[in-house]
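Trainee: One predicted model, sequence on top.
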2 protein chains.
Amino acid sequence: MKLPPAAVLLGTHSAMQSRSSVSIDYNVAPPNLSTLPNGSLFDTWRPRAHVLPPTGQVGDPCMHYTDPSTGLFHVGYLHNSEGISGATTDDLATYQDLNPEGRQSIVPGGINDPIAVFDGSVIPAGINSLPTLLYTSVSFLPIHWSIPYTRGSETQSLAVSSDGGRNFTKLDQGPVIPGPPFAYNVTGFRDPYVFQNPTLDSLLPSPNNTWYTVISGGLHGKGPAQFLYRQYDPDFQYWEYLGQWWHEPTNSTWGNGTWAGRWGFNFETGNVFSLDDQGYNPDGQIFTTLGTEGSGQPIVPQLTSIHDMLWVSGTVANNSSITFTPNMAGFLDWGFSSYAASGKILPATSQPSTKSGAPDRFISYVWLSGDLFEQAKGFPTDQQNWTGTLLLPRELRVLTIPNVVDNALARESEASWRVVRSSAGTVDLQTLGISIARETKSALLSGTSATEPSRTLNTTSLIPFQHSPTSKFFVLSAQLTFPASARNSSLQGGFQILSSELESTTIYYQFSNESIIVDRSNTSAAAKTTSGIDSSPESGRLRLFDVRDGEKEVVETLDLTLVVDNSVLEVYANGRFALSTWVRSWYANSTGISFFQNGVGEVKFENVTVSEGLYDAWPDRA
Amino acid sequence: MKLPPAAVLLGTHSAMQSRSSVSIDYNVAPPNLSTLPNGSLFDTWRPRAHVLPPTGQVGDPCMHYTDPSTGLFHVGYLHNSEGISGATTDDLATYQDLNPEGRQSIVPGGINDPIAVFDGSVIPAGINSLPTLLYTSVSFLPIHWSIPYTRGSETQSLAVSSDGGRNFTKLDQGPVIPGPPFAYNVTGFRDPYVFQNPTLDSLLPSPNNTWYTVISGGLHGKGPAQFLYRQYDPDFQYWEYLGQWWHEPTNSTWGNGTWAGRWGFNFETGNVFSLDDQGYNPDGQIFTTLGTEGSGQPIVPQLTSIHDMLWVSGTVANNSSITFTPNMAGFLDWGFSSYAASGKILPATSQPSTKSGAPDRFISYVWLSGDLFEQAKGFPTDQQNWTGTLLLPRELRVLTIPNVVDNALARESEASWRVVRSSAGTVDLQTLGISIARETKSALLSGTSATEPSRTLNTTSLIPFQHSPTSKFFVLSAQLTFPASARNSSLQGGFQILSSELESTTIYYQFSNESIIVDRSNTSAAAKTTSGIDSSPESGRLRLFDVRDGEKEVVETLDLTLVVDNSVLEVYANGRFALSTWVRSWYANSTGISFFQNGVGEVKFENVTVSEGLYDAWPDRA
C-alpha cells in the first residue's frame, strides 16, 4: 500500500484531530496496518466503557483520590510518558477529563524531575488541607533492575493542587525523600503509595492517623522489596524510614509459583490497604497489590520480559522492626499485559458511593499495556493514535468460599487462598475478592440483554448462540458446571466470541491445568498482515474446589463474566479471578458467540446472558 | 564627568580586553570613579604578587590539591559566581592559569547544580586514582541562615578531572550526599572539606587512610555546626554520617569573645587538619579553620554583617559519638574582608617543597572580599573589572612562645593560646603559627631592599624614612620594642605608609586594647568622591606577653611584616597574627613611609627594612 501524501499525514497528526478521515473497509482483509495514515485506526479497536486518555499512550494508573471538598473520585494515569493526567467520576461509570485533551496535571521538567515524572499517590487533605501528591521525581534514565542503578535517579517529591486537581504544583524545594536509605544499592525506588493504617499506628506505635508510604523497588543481589516510611511532621516534609517491611529473595516465588507467579527482580507500584468482606476497613486484613518485574533466562539488559500483577495478603508484626509476612498471594489480573494496578479508598461519603449506597471500598484500576510494554514492534501505534487502557475499576474485598470439602485441593499451602475455618469435613477458604465495581457493572449491563437457553454439551462442540451480539461491545455472563470426573481430564468448556468465518477467540476452562485460557490464535486477521498484534494465548489459573452441596460433593460452578469492549476483553470468574487481554478482531461481522466444549466430559451452561452495547464512559468527549 | 561614548564602553567591556585604554592622571584629585569607563581602573589597585583571576570576581578559595602525577600545587577559587577556576604553581610564588582567561574548571547548570556550584575540596587520587572533587551542588537560592532553609538547596556531588585539573567532569548521577541528616532544619550545609586523619581512624575506628569530610552549616534555633562524615566505599559514593562533631550555641563566643570573635549563626568553609611545629603532621594536633557568619542586632534578613575568619584547635574524643572540643581559638586573619580560607596539605614531595626543601605543610589561602561582601554599594566594580583577591599563601604550624612570664597575661583562659609548660615562674605558650609561605616570602623579598637606621621615639612623631619606596609594591619588616610602662598606656607605635601630602595609612600597635590598628581614614582621596571605598579602621588583637630575657622581664618585641601589594595590605606579627585589608591610595606619589609614635612612652624601631618591587605572580598573563 502506498503512503498517502505528506499533507494528509500532517492533517491527521494534529492534536485536535485524533481520527483520520480515511475510510477503512472492515469487510475485506486488512492491509499491513502500519502503512495506513496516522489516526486511521483510531476507532477500530477503541474501547467505550474504559478509562483512557483522549489520545496517546496511557501508562500506570496512579494519583487517584476522592476530593474531600467535592466528593468526586479522581482517577489518574501516566500519559504519553510526559506526566500524569486525570479525570473525575461521580458514578464510577462516566468520567470527565480534568483538562482539555486530557492534558497532564503535572509534567516533568522541574529541578527535581528534569527527566520524568513517575507514579505518585495523593493525600487527599494534605498540605494546607489540599490534595497533596507524593510522586517519583526522575533525574536520570535509564533505570532498570538489570543494569547498575544510577544514584539519584529516583527521588520522591511533593506537589499540591489548589484548583480541584487540574494542576498539581510542585513545591519549590528539593525532594522530601531525597534518595534510598543510606548505601542501599537499589534496583528501583519509586511509586510511593501513601496510606493510613491503625494497625501500624498501634504496632510501631505512631500517632493516630499517621500517613505511611511504601516505596517499591529492591536491592541488587538481594531481591525485590517494599521500603516503608512514615510521616514525620505535619507538613509531610520528612518521611522516616522504617525498614524493608517486606522483601523477597531475587526471582523467588510464592510457594512453587503456581498461584502467584514470581517475585521477580524488582517490585513496582506497591499499594497497601486493609479489607474486610465488605470492602475497605481500616482495621481489616492487610493486603498489598504490586507489579513484579521478571525475566526468563538469560536476562537481557533493560528488558523485563515478565510483568506479574499480583496481590498479597499478610500479617504485620513489630519484632524490632515492622515486617509484613505474606499468608496468601495471587494474581490481581493474569493477563500478560495487565500491570501496575493502582487503587484507593473510595469512602462511603464519596459521590459515587453516596449514589449507590456502597460502603467504604478499595477501588483498583489495572493498566493494560497496549503494546506489550513497548515490545510489540510493528504495532500500528500512529495509526491507532492511542495505546493501552486502564481496565474496569474493581472492588477488592476479603472473599470467603464456604463449605469447601476438606481435601488436598483445599489444603494446598502457599496458595492464593487459605483455610480460615475447618469443621465436619469442610473448610471455609479465604481469598481476595475481585469484582467489577458495582456501579460500573450496573452501567455495563444497562443495555439490551438476551438470555440463551441453558444447555449441556457432552462432546466436542461449537454451538452458535441463538442471539449473538451485533457489535463488539457486550457483557457475557454464564455459569458452567462440570462433573467430578472432569478433574485431571482433558475437558475444556467455554465460549467462542468475536467470531466470524475468518476470526474467533475462544475462552475456556481447562481442567488439565485448572486454567482459564484465552485462545487468540485466530482472533485477528490483522495479526497475519501486521507485526505487533499479539496472537499468543493467555491463561490464568483458577481452582474449582470441591464443595458440599447438601449431602453431595460437587465441583464448584464456574461463574464467568466476560466483558468485551471492542478489543478489550476482561474475564472474571467466581469473584476471585480476573484475566484481561487484547482481542483485536478485524472483520465487522466478527461478533458471533458460540458455546464451546472440547474433550471428554459434560459441561452444563446455565444463566447465559448477553448484555449488548455497554455505555460511553466519556460523554463529554468529542 | 561625562560618560564616554558607547563605543568606548563596548570596547572596554570585551572579555579579551580587561583594561580600558583611557589614561588616568593619578597626580590630580580623582573624579567619582563610578563615572569612568569600564576597565579604566583595572591597574589602579591591582596587586601583583597575589592569586586572583585575570578579570572578574574572585570568591572563596577552594579545590586546592597537589596533583600526585605532576607534583604541581593547584589553587582554586570561586570565580564570577559561575563555578570554580584554578591555577597551578611549582614554586608557591608564580602561577599558571589552568584555562585561558581563567575560565572555570567546573560550572553550574547540571542536574545536581542547576543554580550554582559552591566550594569543593579534592581527593588527589580519588575515583580511578584521578583528582576527585566533592563540592556543593546548589539547586535553590536564596540560602541564608537568617531565612527558612529551602530543602534540597545544597547537596554534595562528585566531579573528576582527567585532564590535569583543567576540567572537572561531574559524575552522571545524583549527589553522593543528597541532603542533610534526616529532619535537620539546617541554616547551611555546604563546603565539604575532605581530609584524612589517623586519630579519627583509631578513635572510631575506621580503616587506615579513610577519607572524612566536614560539611559546614548549622541548625536553626540551635547554632552553627560542623557535620562529620566518613567515606563508606572505595568509589566515594557513600559518606556515612558521624554526627555534629562540633557545634556551638547560636551566636555564642569562645571565652568572652576577645580573642576569637563570635561563633555566629552559621559555619562556613570548615577545614580540618593536623599540625606540629614544623607544619602538617597526620598525627599532630587537630585544628580547624572556618568562617563564621554573624550579625549585629537587629538581624536583617539575608544579611551577614560580620564575617569572622577563625581558627580553632581542639581535642577529639569518641564518647558514643565523635566530638571535637576546642582548647584554643583565634583569628586566622583579623581583616573585616578576610574570610573563607581554604587550605590543603602540601607534601614534601610536591614540586614547590622539593625545590625549597620544605617538609609536609598545611598551606592556607584566605579570601579578601573586594566589595565588603557585596555590601560596598557604589564601588567602581565595572571600572576596575576585577573584584577581590586571595591573600598570600600561609604556612600554618603549632607555634610555641617560650619563656613567658607566668602571670595573668599568660594565664588568661579561653584565649588564642594555652599554657603547655610551666616551671620556675615561666610558661611556654602554644598557639597557631601563621606565616607567609617560605617560598612566597623569599620571592617577595627578592627585590631591592633598603634598611633604615634604628631609632627610638619618645614623643608623638612622624619621621619620614630615609628611603621610602617609589612604588606601592613593597615589604616592610621591623621590630618594635616597648617598655613595660607601655602596658595600659595610650602608647601607639608603628608606621605611616602609602603617604603623601594628601593621603596616608597608619598602622600601629596600641597598648590600650592590645591591638594592631590600620587607620584608613586618610588612605584614599577616592573615598571622598566615590562611595563603596571603605575608609573605616581595621584592628586585630595581639597580646605582647611579658617574657624572660635573661634575668629581666621585658615586653615581647613586636615583630612586624607589612606586605603592600598596591591596594592589598597584609600585616603579619610575631608569627601568630595576620590582618589584611584594602588600602586604595589614589595619588601616584603616595608611597612614603614614616615612623609613627603617639602618646607617652618609648618605642624602639630596629631591623627596619623595605624590599621594593615584589614580583609578578602571573608571568604568563598578558
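Mentor: Noted; the coordinates are in hand.

Trainee: Run through the helices of the stretch 351-500 of chain A in chain order.
Mentor: Here the stretch 351-500 of chain A has its helices, by DSSP state H, counting those that start in this stretch, at A:351-356, A:381-384, A:408-411, A:438-444.

Trainee: Tell me how far the residue nearest to residue A:85 when sequence neighbours are not counted lies from residue A:521.
Mentor: Closest residue to residue A:85 apart from its sequence neighbours, by CB to CB, 6 or more residues apart in numbering or on different chains: residue A:79 at 3.9 Å. Backbone N, C-alpha and C define where each C-beta goes, glycine included. Noted for residue A:79: a distance of 33 Å to residue A:521, by CB to CB, to the nearest Å.

Trainee: more crowded one of the two?
Mentor: residue A:79 (23 against 12; other CB atoms under 10 Å in any protein chain shown).

Trainee: Quickly list what that one is bridged to.
Mentor: As for beta bridges, residue A:79 partners with residue A:58 under DSSP bridges.

Trainee: OK, contacts around it?
Mentor: The contact partners of residue A:79, taken as CB atoms under 8 Å, 6 or more residues apart in numbering or on different chains, are A:53, A:56-59, A:85, A:102, A:104.

Trainee: Need phi/psi at residue A:601.
Mentor: Dihedral angles of residue A:601 (phi, psi; degrees, to the nearest 10) stand at phi 140, psi 160.

Trainee: Let me know the pLDDT of it.
Mentor: On pLDDT, residue A:601 comes in at 92.

Trainee: Spatially nearest residue to it, not counting backbone neighbours?
Mentor: residue A:491 (3.7 Å).

Trainee: The one you found and residue A:508 touch, don't they?
Mentor: No. The criterion here is CB atoms under 8 Å, and residue A:491 misses it with residue A:508 at 9.3 Å.

Trainee: residues shared between the contacts of these two?
Mentor: With CB under 8 Å, 6+ apart, residue A:491 and residue A:508 have common neighbours residue A:598.

Trainee: if we can go back for a sec, neighbour count for the contacts of residue A:79 - can I get that in JSON lines?
Mentor: Compiled in JSON lines, the contacts of residue A:79 are given as follows (neighbours: other CB atoms under 10 Å in any protein chain shown):
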{"residue": "A:53", "neighbour count": "27"}
{"residue": "A:56", "neighbour count": "21"}
{"residue": "A:57", "neighbour count": "21"}
{"residue": "A:58", "neighbour count": "24"}
{"residue": "A:59", "neighbour count": "25"}
{"residue": "A:85", "neighbour count": "27"}
{"residue": "A:102", "neighbour count": "22"}
{"residue": "A:104", "neighbour count": "22"}
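
Trainee: Relative to residue A:48, how far out is residue A:276?
Mentor: According to CB to CB, residue A:276 and residue A:48 sit 33 Å apart.

Trainee: for residue A:361, same thing?
Mentor: As for residue A:361, its distance to residue A:48 is 24 Å (criterion: CB to CB).

Trainee: Equivalent analysis for residue A:362, please.
Mentor: Using CB to CB, residue A:362 is found at 26 Å from residue A:48.

Trainee: Comparing the two, which residue is more hemmed in?
Mentor: The neighbour count for residue A:362 versus residue A:48, taken as other CB under 10 Å, is higher for residue A:362 (22 against 16).

Trainee: which residues touch the spatially closest residue to that one that is not a sequence neighbour?
Mentor: Of all residues not flanking residue A:362 in the chain, residue A:280 sits nearest, at 4.4 Å (CB to CB, 6+ apart). When contacts are counted by CB under 8 Å, 6+ apart, residue A:280 touches A:273-274, A:345-347, A:359-362.

Trainee: Can you get me a residue count around the closest residue to residue A:296 other than its chain neighbours?
Mentor: Spatial nearest neighbour of residue A:296, chain neighbours left out: residue A:305 (5.6 Å); criterion: CB to CB, 6+ apart. Per other CB under 10 Å, the neighbour tally for residue A:305 reads 14.

Trainee: and what of residue A:532?
Mentor: Look at residue A:532: counted by other CB under 10 Å, it has 17 neighbours.

Trainee: Give me the nearest residue to it, chain neighbours excluded.
Mentor: Spatially, and ignoring its direct neighbours in sequence, residue A:532 is nearest to residue A:379 (3.0 Å; CB to CB, 6+ apart).

Trainee: same check, this time on residue A:113
Mentor: Closest to residue A:113 by CB to CB, 6+ apart is residue A:137, at 3.7 Å.

Trainee: try residue A:414
Mentor: residue A:255 (2.9 Å).

Trainee: what about that neighbour, distance to residue A:416?
Mentor: From residue A:255 over to residue A:416 the distance is 9 Å, taken as CB to CB.

Trainee: where does the stretch 1-150 of chain A dip in pLDDT?
Mentor: Judged by pLDDT under 70, the stretch 1-150 of chain A has its weakly predicted residues at A:1-17.

Trainee: OK, contacts around the closest residue to residue A:256 other than its chain neighbours?
Mentor: Excluding the flanking residues, the one nearest residue A:256 by CB to CB, 6+ apart is residue A:414, at 7.5 Å. For residue A:414, the contacting residues are A:254-256, A:259, A:329, by CB under 8 Å, 6+ apart.

Trainee: And chain A, what are its domain boundaries?
Mentor: Segmentation of chain A into domains, based on the TED database, reads A:36-399, A:447-612.

Trainee: Quote the end-to-end distance of the shortest one.
Mentor: Length of domain A:447-612, first residue to last, CA to CA, to the nearest Å: 5 Å.

Trainee: now residue A:90: how far from residue A:611?
Mentor: On the measure of CB to CB, residue A:90 and residue A:611 end up 23 Å apart.

Trainee: Pick out whichever of these two has more residues nearby.
Mentor: residue A:611 (21 against 18).

Trainee: Pairing partners for that one in the sheet, please.
Mentor: Residue A:611 forms beta bridges with residue A:449, residue A:475, as assigned by DSSP bridges.

Trainee: quick one: contacts for it?
Mentor: Neighbouring residues of residue A:611 by CB under 8 Å, 6+ apart: A:444-449, A:474-475, A:477.

Trainee: how about the nearest residue to the closest residue to chain B within the stretch 201-350 of chain A, chain neighbours excluded?
Mentor: Per CB to the nearest CB, residue A:238 is where the stretch 201-350 of chain A lies closest to chain B, at 4.5 Å. Closest residue to residue A:238 in three dimensions, ignoring its sequence neighbours and counting by CB to CB, 6+ apart: residue A:232, at 3.8 Å.

Trainee: My guess is that neighbour contacts residue A:239. True?
Mentor: Yes. Residue A:232 lies in contact with residue A:239 (CB under 8 Å); the separation is 6.1 Å.

Trainee: Show me which of these two is the more surrounded one.
Mentor: Between residue A:232 and residue A:239, counting by other CB under 10 Å, residue A:239 is the more crowded of the two (25 against 17).

Trainee: Contacts only, for that one.
Mentor: By CB under 8 Å, 6+ apart, the contact list for residue A:239 reads A:156, A:176-177, A:213, A:229-232.
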